[in-house]
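Q: Fold the following.
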Amino acid sequence: MANKGKPVIDRERCKGCLLCVRSCPTKVLGADLSPNSWGYYPSKAVNEEKCIACGNCYQVCPDAAITVYRQ
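A: Numbers count the residues shown, from 1 in each chain. Next up is the predicted model:
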């Protein structure tokens, strides 16, 4: 059985570079349509059930705004 995960993104730390969106092999992440308090449009989990806990998003995030939990 494949790994299952849950990505958690800190909206206030994310500056919306979307590197995590591009690095996700299963297309779990996408851009949020509402800005954070800084005016940036952060990433968010749009298909959380597809997360395989690979950690690619965590590794490429320059702001350390993502934590991936294994379930």
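
Q: Just the pLDDT for Tyr40.
A: The model reports Tyr40 with a pLDDT of 97.

Q: what helix or strand is it on?
A: Using DSSP states H and E, Tyr40 falls within no helix or strand.

Q: Could you count how many residues lie near the residue lying closest to it once chain neighbours are set aside?
A: Distances taken as C-beta to C-beta, 6 or more residues apart in numbering place Gly16 nearest to Tyr40, at 4.1 Å, with adjacent residues excluded. No exception for glycine: its C-beta is placed from N, CA and C like everyone else's. Neighbour count for Gly16, taken as other C-beta atoms under 10 Å: 19.

Q: thought Gly16 was touching Ser43?
A: Yes - under the criterion of C-beta atoms under 8 Å, Gly16 makes contact with Ser43 at 7.1 Å.

Q: overlap in contacts of these two?
A: Ala31 (C-beta atoms under 8 Å, 6 or more residues apart in numbering).

Q: Tell me where the protein has helices.
A: Assigned helices in the chain, in chain order: 19-23, 56-60 (criterion: DSSP state H).

Q: among those helices, which is nearest Asn3?
A: For Asn3, the closest of the helices of the chain is helix 56-60, at 12.6 Å, according to C-beta to C-beta.

Q: what would the helices of the chain look like in CSV with mean pLDDT, distance to Gly5 and mean neighbour count?
A: Compiled in CSV, these are given as follows (pLDDT from 0 to 100; distance: least, C-beta to C-beta, whole Å; neighbours: other C-beta atoms under 10 Å):
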stretch, mean pLDDT, distance to Gly5, mean neighbour count
helix 19-23, 97, 13, 17
helix 56-60, 97, 10, 18
